[in-house]
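Asker: 3D, please:
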Amino acid sequence: MSETSESRVSIRARLPGFLRRADPAVLTAFGCILLLLLFGSLYSSNFLSLDYLLQQLKVASFLGVVAAGMMVVILLGHIDLSVPWVMTTGAMMACAAAGFGSMGIVAAIPVGVLCGVAIGLLNGVGVAYLRIPSMIVTLASNVVAQGLMVVYTGGFSPQDSAPPAVRWLATGALVPGLPNAILVWLAVSAAMIFLLTRTAFGRAVYGIGNSERAAFLSGVGTRRVVMTAFVLSGALSAFGGVLLAGYASKAAQAMGDAYLLPSIAAVVLGGTSILGGRGSYLGTVAGVILITLLQSILSVMQMPEAGRQIVYGAVIIVMLLLYGRAPPNR
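Answerer: Residues are numbered from 1 along each chain as shown. Reported below is the predicted structural model:
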């Protein structure tokens, strides 16, 4: 063993137990969050205030819900490019359902989520049973969903408003001082951590991501798991769109377009391998917060949109080069 390797082992051995067990990528992401908070405080004294931080977590919660579904798909070694218009479809249909009286208001959220489930099922069948590459299937379903929504609205901004329950879920506060959107994200996070670490489905997802053939030979129903993962991604994307509609009080054309790259980047920046089989949802949470803070800092700096995109992309590339690649032996 070289002197450098011995020093690394010595340093790691002196760390607290929970740090030794933690994924280095997750620690790096949380370290970058602290640096961004420190950097942002140099531009605005309010950057570290409790109200501002809660507002950032509230904004991050929509991305966090969408990224949860994206992570499951990426863990399998696939990708879901239908996120933008699944979000938009879920939001539009939830608002449209509210126009059908009291029953429609009650069914608004389930209707929106079920639209996402339907599109996710289409994606899952295409990938798992028809063996079509996930990039092709999900891109096609995204275009189909876009066309359907343009036909539904005639190409204009939808006139339906989000029902009160959806607005309360996105902007209200069941616990005084703590937005409901954050509570929803916490619930989704807890469910995702349990699903991935304590269930047969979660173990199968990691197994398929490492080697689908080996998982199949060991008795895992790989097709069923892959299809379920895309259904879950569609449901969470649509639910994220419903929450976003509640936050904005109505749905809008292309409202999900801004969430495709950040949802993928948040997953990968949190340490999940883009090739599948490795990652944790805690890392995805860190990636979501990191991206949200970066966007906020660029806004506080009043940087032009072109400059924001350049800095945003450059930071993502640098961080991926640092720890987002697959291990050499993979």
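
Asker: and the strands in the stretch 1-150 of the chain, which stretches?
Answerer: Under the criterion DSSP state E, counting those that start in this stretch, strands are not mapped anywhere in the stretch 1-150 of the chain.

Asker: pLDDT below threshold where in it?
Answerer: Across the stretch 1-150 of the chain, residues meeting the criterion (pLDDT under 70) sit at 1-22.

Asker: ok, now with 90
Answerer: Residue ranges of the stretch 1-150 of the chain with pLDDT under 90: 1-52, 98-106.

Asker: show me where the stretch 201-330 of the chain has helices.
Answerer: Ranges of helices in the stretch 201-330 of the chain, per DSSP state H, counting those that start in this stretch, are 212-217, 222-248, 260-269, 281-300, 305-319.

Asker: show me the one of those that comes nearest residue 155.
Answerer: Nearest to residue 155, of all these, is helix 222-248, at 18.6 Å by CB to CB. Backbone N, C-alpha and C define where each C-beta goes, glycine included.

Asker: output the contacting helices and strands for that closest one.
Answerer: Judged by 3 or more CB pairs under 8 Å, 6 or more residues apart in numbering; DSSP states H and E, helix 222-248 is in contact with helix 50-75, helix 83-97, helix 101-128, helix 164-171, helix 180-198, helix 200-210, helix 212-217.

Asker: and the fifth one, what's buried?
Answerer: Okay, so that is helix 180-198. Residues of helix 180-198 classed as buried: 180, 181, 182, 183, 184, 185, 188, 189, 192, 193, 195, 196 (neighbour count, 16 or more other CB atoms under 10 Å).

Asker: tell me the angle of that helix relative to helix 200-210?
Answerer: When axes from the mean of the first three to the mean of the last three CA atoms, to 10 degrees is applied, the directions of helix 180-198 and helix 200-210 differ by 70 degrees.

Asker: check the offset of helix 180-198 from the chain's centre.
Answerer: Averaged C-alpha coordinates place helix 180-198 at 12 Å from its chain's average position (CA atoms, centre = their mean, to the nearest Å).
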